[in-house]
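> After the sequence you'll find the predicted model.
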Amino acid sequence: MRRRLIPTVLTSLRARLVIAFAAIVALALLLVLASIPRLLDGYFAQQATEDLRTRTGVMIVFVGQELIQAQALGADAPRPILQPTEPMSASQAVRDALGTPDRGAIRDLAQLIAQANVTITIAADPARPDEVAHRLHVPLPDEFGAPGQQREPISAERTFEIDDLWWTQAGAGAPRRLVTVRLSEPFTYRAQTLETIVGVMFTAAGLALVVAILASILFADRLTHPIRQLTRASRELSEGNLEVRVEPTGAPEMAALTAAFNVMAERLQQSIEFISRDRDRGRDFLADVSHELRTPIAALRTFNELLAEGSVADEATRDEFLEQSRQQIERLDWLATNLLELSKLDSGLVLLDLRPDDLRAVVESAVQQAQPSADRRGITLVMDLPEQPVRQRHDPQRLGQVLSNLIGNALKFTPAGGRVEVELRATDTGAQMRIADTGVGIDPQELPYVFERFYRGSHAAESRAAGSGLGLSIVRSIVEMHNGRVAITSSPEKGTQVSVHLPRDISVSSPAPVRA
């Protein structure tokens with residue numbers, strides 16, 4: 001398990017983000033640490049050289065003063081810088097003034113001011129600086145360096161000219177002597193300073209890397225938090241929790257992904273609920289169909305058995321059995337036709353043939369077809385149409401089917417002497433058709449269920465029990481395919497009123513299945 005867990009942790013998105021961020025920071029720090037010490041070393045070397053040049057200039061001042069003092073007038077004449085000998089050499093006064101490598105003024109100046117090896121050369125002729133008449137080299141021992149100082153392999157020299165006044169007293173023009181002061185291998189704090197700075201930089205780089213890793217962990221955790229939420233939600237969704245949702249957080253891209261997941265989950269929940277309801281409706285539908293088919297089939301079987309056995313000798317009784325059989329067969333045919341029609345509507349196999357025709361023609365046709373039935377029942381059928389055409393897109397055949405079902409139901413449940421009114425009106429949003437009767441009415445408790453399949457009412461009169469119980473389901477499906485709505489109001493013994501509202505603009509030409 002450990003072998004499987006470690007690669008999984010290291011290959012997770014959060015771990016990879018932390019490693020990538022830490023690697024970028026480490027690479028940046030490495031580049032800084034590789035370049036900054038070199039830059040600082042060059043800078044400090046340049047500063048050490050400039051400082052050495054400055055100290056060389058100070059040393060020139062002191063050396064010049066010592067040479068001038070060495071020529072100070074004595075009791076008889078000025079002392080010379082160089083003895084007029086062959087070859088020339090420094091006078092004793094100059095030697096005494098400058099001192100030796102072990103002691104003297106230059107030795108003190110090398111320790112106090114120069115902090116480096118000091119070399120002083122005096123040339124007899126400025127035109128020939130390589131012909132040195134006197135050289136004094138004062139090395140500064142290592143023990144004179146302060147703690148932390150190291151020698152630097154650099155040098156600086158300055159040159160000046162001075163008049164040898166002694167020659168003036170000898171009756172000749174004072175010659176000029178070329179004096180060169182050179183400082184080399186000075187003691188500096190450059191190495192220690194650079195080491196200290198590099199150490200501080202490495203310490204700061206280590207702290208920065210630690211802070212970067214901690215920050216990357218927090219950043220990666222915050223960045224991957226929406227992904228982990230989506231993962232948990234997806235797992236719960238796969239386990240059947242259809243109500244799980246994720247709060248949109250984080251970057252706009254993650255918020256958009258979360259919103260898309262929520263939309264997907266919402267649609268999936270609606271689809272699953274729709275499928276569940278459809279499955280339940282299919283189960284109920286199958287049970288209802290079985291129940292509806294059982295009654296006529298049982299009656300036909302009984303009639304057939306009685307006729308086959310010859311138990312019915314009376315001609316009138318046999319004719320009655322045959323008539324009842326014919327009615328049951330018609331009922332089966334009507335039931336099969338309605339079931340097929342409703343199945344087509346629910347499955348989306350029926351497409352509307354929308355036409356911008358006058359709705360008055362549909363109403364007139366439906367009323368004319370129902371008029372003979374109304375006359376036979378002794379019911380007054382009234383039609384109320386507007387004078388102006390009511391033009392809007394609709395399917396004349398399907399809308400005629402809606403009106404035929406509604407008018408047929410009104411005639412069926414209205415006793416003789418009653419009245420059925422069919423009205424068409426144009427509205428601001430479309431059109432409204434109203435079918436009102438003065439029939440037996442519907443119990444208020446039954447109104448929410450009248451559009452369900454096979455529902456005929458539990459407290460209805462015997463006349464209401466006739467039919468398949470699918471008419472109003474077909475009506476609602478067709479009206480909803482027109483993007484319309486159907487409403488029903490009723491009171492027992494006072495009649496029923498059904499209103500069909502059709503919108504002016506029907507935007508669907510190939511509607512999705514409408515489930516009753």
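Good, I have the coordinates. Note that the structure is a prediction, hence the values are computed from the model and not measured.
> Tell me who's in contact with the closest residue to residue 388 other than its chain neighbours.
Nearest non-adjacent residue to residue 388, counting by C-beta to C-beta, 6 or more residues apart in numbering: residue 426, 7.4 Å away. All C-beta spots, glycine's among them, are computed from the backbone N, C-alpha and C. Contacts for residue 426 (C-beta atoms under 8 Å, 6 or more residues apart in numbering) come out as 386, 388, 390.
> what is residue 426 paired to in the beta sheet?
Note on residue 426: beta-bridge partners residue 431, judged by DSSP bridges.
> Residue 416 - that's part of a helix, no?
No: Residue 416 is assigned coil when assessed by DSSP: H, G, I helix; E, B strand; the rest coil, not a helix.
> which residues touch residue 164?
71, 80-82, 174-177.
> Redo those residues as TSV? Include secondary structure.
Below are the contacts of residue 164 laid out as TSV (three-state DSSP):
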residue	secondary structure
71	coil
80	coil
81	coil
82	strand
174	coil
175	coil
176	strand
177	strand
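> Out of those, which end up buried?
Buried subset of the contacts of residue 164 (neighbour count, 16 or more other C-beta atoms under 10 Å): 71, 80-82, 175-177.
> Sort the residues you listed by pLDDT and name the bottom one.
Least confident of these in the model: residue 71, at 76.
> how far away is that residue from residue 177?
10 Å (C-beta to C-beta, to the nearest Å).
> Residue 377 now?
Taken as C-beta to C-beta, the span from residue 377 to residue 177 is 152 Å.
> Repeat that for residue 304.
Residue 304 is 155 Å from residue 177, by C-beta to C-beta.
> sec struct for residue 487, please.
strand.
> Any idea what it is bridged to?
residue 499.
> Tell me who's in contact with it.
Here residue 487 is in contact with 498-499, 501 (criterion: C-beta under 8 Å, 6+ apart).
> Also residue 201?
Contacts of residue 201 by C-beta under 8 Å, 6+ apart are 32-33, 36-37.
> Drop anything exposed from those.
The buried subset of the contacts of residue 201 - by 16+ other C-beta under 10 Å - is residue 37.
> where do the helices sit along the stretch 351-500 of the chain?
359-377, 396-412, 471-481 (DSSP state H, counting those that start in this stretch).
> Specify the angle between the last one and helix 396-412 in degrees.
Using axes from the mean of the first three to the mean of the last three C-alpha atoms, to 10 degrees, the interaxial angle of helix 471-481 with respect to helix 396-412 works out to 150 degrees.
> correct me, but residue 122 touches residue 88?
No: if you go by C-beta atoms under 8 Å, residue 122 and residue 88 don't touch, sitting 9.0 Å apart.
> Could you check which of those two is surrounded by more residues?
residue 122 (24 against 20; other C-beta atoms under 10 Å).
> backbone phi and psi for that one, please?
Here is the backbone geometry of residue 122 (degrees, to the nearest 10): phi -120, psi 120.
> Torsion angles phi and psi at residue 200?
Dihedral angles (degrees, to the nearest 10) for residue 200: phi -60, psi -40.
> Tell me the pLDDT of it.
For residue 200, the predicted pLDDT is 89.
> That one and residue 194: what is the separation?
11 Å.
> repeat for residue 336
102 Å.
> With neighbour numbers in mind, choose between those two.
residue 194 (17 against 13).
> what sits in contact with each of residue 71 and residue 177?
81, 164.
> my guess is residue 365 contacts residue 399, does it?
No: with contact defined as C-beta under 8 Å, residue 365 does not count as touching residue 399 (9.8 Å).
> Tell me which of those two has more neighbours.
The neighbour count for residue 365 versus residue 399, taken as other C-beta under 10 Å, is higher for residue 399 (24 against 15).
> ok, now which ones touch the more buried one?
359, 362, 478, 482.
> quick one: contacts for the last one?
Right, the one you point to is residue 482. 352, 394-395, 398-399, 502-503, 506.
> Over to the third one?
With contact taken as C-beta under 8 Å, 6+ apart, residue 478 is in contact with 345, 395, 398-399, 401-402.
> Return the distance of it relative to residue 131.
128 Å.
> can you give me the strands in the stretch 1-150 of the chain?
Counting by DSSP state E, counting those that start in this stretch, the segments of the stretch 1-150 of the chain that form strands are 82-83, 89-90, 117-123, 132-138, 150-151.
> Dihedrals phi and psi, the closest residue in space to residue 359 that isn't next to it in sequence?
Nearest residue to residue 359 in three dimensions, chain neighbours excluded: residue 390, at 4.4 Å (C-beta to C-beta, 6+ apart). Main-chain torsions, residue 390, degrees, to the nearest 10: phi -110, psi 90.
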